[in-house]
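>>> Pasted the sequence and its predicted model underneath.
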Amino acid sequence: MHKLRLVVAASAALIIGAAAPAFAQDSLTLRNVAVADKSHDLDAVSSPTRTQARIVRRAPAEWPSFEKLASIGGTVQIEVDLDASGQLTSAELLASSGHARFDRSALDAVRASTYQAARVDGRAVGGRYIVDVVFDPSI
């Protein structure tokens, strides 16, 4: 199972990827919930060659100003579907942080990011993933 993890810090730049506003830092991993490719038999002698879906461009998640000043943090889980071309087809709140502004910011960042689909035996396949967006005041 693979996981997409976005950690947002009060004052840092993106760790990986293009430059972004100074208020965001993200570290992303994908947690695979379901891959659309069903053509491979799990009992087959040779297993398929798979490459993970990945984030191509990470959009920063904005740390809401009040929460940032008060050192309030939280984690948002978002379920996303990617098609075989890597296009985001849906993004829905799976688990709230308990703070509506974190939830909105996380959804906005996930929707604004761009992705590359997973590959099975060289063929791009869609899938479902869970994105954890962590607002961590200790970073």
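Cool, the structure landed.
>>> Near the residue nearest to residue 122 when sequence neighbours are not counted, how many other residues are there?
Of all residues not flanking residue 122 in the chain, residue 49 sits nearest, at 7.2 Å (Cβ to Cβ, 6 or more residues apart in numbering). In this view, the C-beta of every residue, glycine as well, is placed from N, C-alpha and C. Neighbourhood size, residue 49 [other Cβ atoms under 10 Å]: 9.
>>> What pLDDT is listed against residue 49?
At residue 49, the model reports a pLDDT of 90.
>>> Correct me if wrong: it contacts residue 123.
No. Using Cβ atoms under 8 Å, residue 49 is not in contact with residue 123, being 10.0 Å away.
>>> Just the buried positions in the host helix or strand of residue 102, please.
Element membership for residue 102, per DSSP states H and E: helix 100-112. Across helix 100-112, burial judged by 16 or more other Cβ atoms under 10 Å covers 101, 102, 103, 105, 106, 107, 109, 110.
>>> for the last one, what are its contacts?
Right, residue 110. Going by Cβ atoms under 8 Å, 6 or more residues apart in numbering, residue 110 touches 6, 59, 78, 80, 88, 91, 131, 133.
>>> mind checking how far the residue nearest to residue 122 is from residue 116?
Separation of residue 49 from residue 116 (Cβ to Cβ, to the nearest Å): 16 Å.
>>> do the same with residue 134
22 Å.
>>> Counting neighbours, go ahead and name the busier of these two.
The neighbour comparison of residue 134 against residue 116 (other Cβ under 10 Å) goes to residue 134, with 21 against 15.
>>> Which positions are bridged to that one in the beta structure?
According to DSSP bridges, the partner residues bridging residue 134 are residue 7, residue 75.
>>> next one: residue 130
residue 31, residue 79.
>>> residues touching residue 102, list them.
By Cβ under 8 Å, 6+ apart, the contact list for residue 102 reads 64, 67, 74, 76, 133, 135.
>>> so the third one touches residue 101, yeah?
No. At 9.7 Å, residue 74 and residue 101 do not qualify as touching, with contact defined as Cβ under 8 Å.
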